[in-house]
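Student: Generate coordinates for the sequence data below:
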Amino acid sequence: MSETVHASAVLVGAHGVLIRGPSGSGKSMLAHALIERGARFIADDRVCLAACHGRIVASVPASIAGLIELRGRGLMAMPYERVGVIRLVADIVSDEALERMPPDNQLSVALLDIAVPRQPVPSRTELAVRLIGAALAALPQPNMGLRSAQV
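Tutor: This is a model prediction of the structure:
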């Protein structure tokens, strides 16, 4: 099962973050802000999602690989990763819709029938970056096989 969505995607360490929001809400700016802080770029504007072994895998359509659009600057080329496992969905919401204490049912979303942690974020980039960092820190560590073994 797969679909293409209007979103941006980055890798923060081993954690794929899918950034969704209305057109013009700041998805690309938020992705760029995360990249400036060490994240790796996957895709901007359109992201291909596929369900694979109970995970959501994001990839970039070939026609836009390595391109990000920054409003006020235009298209920019940058290094990119071909795929990443989405571990968090960051949904850009209005300031009024950002709850101080969101209920648990707002902190998860189904993508291709797979539950993925969700973090609502405002369009204000600095606060959004902090909320994404807090949400990622709260995630259980992915099983990386032998590479994750404690010695």
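Student: Check which element follows the strand ranked longest in the chain along the chain.
Tutor: Scanning the chain for the longest strand, with DSSP state E as the assignment, gives strand 83-92. Later in the chain than strand 83-92, the nearest helix or strand by DSSP states H and E is strand 108-111.
Student: partners of that following strand in the sheet?
Tutor: Sheet partners assigned to strand 108-111 using DSSP bridges are listed as strand 114-121 (antiparallel).
Student: ok but Ser28 is inside a helix, no?
Tutor: Yes - counting by DSSP: H, G, I helix; E, B strand; the rest coil, Ser28 falls inside a helix.
Student: is it true that it touches Ala7?
Tutor: No - the pair Ser28 and Ala7 fails to qualify as a contact (C-beta atoms under 8 Å) at a distance of 10.1 Å. For every residue, glycine as well, the C-beta is placed using N, CA and C.
Student: Between those two, tell me which one has more neighbours.
Tutor: Legend: neighbour count by other C-beta atoms under 10 Å for Ser28 and Ala7, higher for Ala7 (23 against 19).
Student: Against which helices or strands is the helix or strand containing Val17 packed?
Tutor: For Val17, the enclosing helix or strand under DSSP H and E is strand 15-20. Here strand 15-20 touches strand 2-6, strand 8-12, helix 27-36, strand 55-59, strand 83-92, helix 125-137, going by 3 or more C-beta pairs under 8 Å, 6 or more residues apart in numbering; DSSP states H and E.
Student: Out of the ones you listed, which is closest to Ala77?
Tutor: helix 27-36 (12.7 Å; C-beta to C-beta).
Student: What is that closest one packed up against?
Tutor: The elements that helix 27-36 packs onto, with contact taken as 3+ C-beta pairs under 8 Å, 6+ apart, are strand 8-12, strand 15-20, strand 67-70, strand 83-92, helix 125-137.
Student: What's the first helix or strand after the shortest one?
Tutor: It refers to strand 67-70. Using DSSP H and E, the helix or strand that directly follows strand 67-70 along the chain is strand 74-77.
Student: same for that next one, what does it pack against?
Tutor: strand 67-70.
Student: Okay, now the sheet partners of the strand it packs on, with direction.
Tutor: Strands flanking strand 67-70 in the sheet, each with its direction: strand 74-77 (antiparallel) (DSSP bridges).
Student: Contacts for the strand it pairs with, please.
Tutor: Residues outside strand 74-77 that contact it (C-beta atoms under 8 Å, 6 or more residues apart in numbering): Gly66, Leu67, Ile68, Glu69, Leu70.
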